[in-house]
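Novice: Have a look; sequence and predicted model below, questions after that.
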Amino acid sequence: MTARQVTMCGLGVALLAVASSVTLALGPVPFTLQTLALAVLPVALGGRDATLVVACYLVLGGLGLPVFSGFGGGPGHLLGPTGGFLWGFLVGTAVAWAVLRVTAIPERAREALAVTSMLLVSYALGTVQLMALLGLDVPSALAVAVLPFVVPDALKLAVGVSVGRAVRRAVPTLGAAR
């Protein structure tokens with residue numbers, strides 16, 4: 001990695017931490033700006049670096065740094081009811097990386113599909129962990145963990161892709177490895 005990539009990855013972790021601090025409690029799953037930041041990262045940095053950013057973010061949070069929603073940190077957040085969403089961010093970003101590498105799809109469609117895939121994976125893993133730890137059935141878990149977030153998250157994805165493209169244009173060496 002170049003010094004510029006390391007710097008941008010550090011800024012990506014900081015962006016995720018700041019986006020996580022913007023929290024509105026809506027039940028067991030808080031509303032944050034994480035989804036917006038997560039949509040920016042693979043578009044701006046490319047999938048490999050975005051996946052590295054999310055992995056670093058999870059390690060820092062798992063070690064106890066207050067980078068998760070509500071300035072939380074520690075292994076309890078990764079293993080708790082909403083921890084599946086955090087793991088979903090990592091797996092979802094890796095899926096976004098794979099989608100970004102499919103050059104047969106036009107670039108704008110590929111970016112939209114990549115971030116949508118990331119979100120769907122996060123929803124899936126988050127819902128499963130929430131169900132397991134809170135004893136919820138599928139409809140109840142979806143009602144509290146997914147349905148209230150679909151429209152705001154779709155908007156955050158659209159804005160995130162737009163911001164990611166603007167960052168990539170401003171710093172052309174980013175995302176080269178996609």
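Specialist: Noted; the coordinates are in hand.
Novice: Quick check: which ranges of this protein have low pLDDT?
Specialist: For the chain, the stretches flagged by pLDDT under 70 are 173-178.
Novice: what ranges do the helices span in it?
Specialist: For the chain, helices defined by DSSP state H occupy the ranges 3-21, 34-45, 47-62, 75-79, 83-100, 107-134, 138-145, 150-170.
Novice: between the second one and helix 47-62, how many degrees?
Specialist: Going back to what we said before, that points to helix 34-45. If you take axes from the mean of the first three to the mean of the last three CA atoms, to 10 degrees, helix 34-45 sits at 140 degrees to helix 47-62.
Novice: Also the first one?
Specialist: Interaxial angle of helix 3-21 relative to helix 47-62 (the same axes, to 10 degrees): 50 degrees.
Novice: Identify all contacting residues around helix 3-21.
Specialist: Outside helix 3-21, the residues that touch it by CB atoms under 8 Å, 6 or more residues apart in numbering are 1, 32-34, 36-38, 40-41, 44-45, 49-50, 52-54, 56-57, 60, 67-71, 171, 173-174. For every residue, glycine as well, the C-beta is placed using N, CA and C.
Novice: what's the most buried one of the helices of the chain?
Specialist: The highest mean neighbour count among the helices of the chain, using mean count of other CB atoms under 10 Å, belongs to helix 34-45: a mean of 28.
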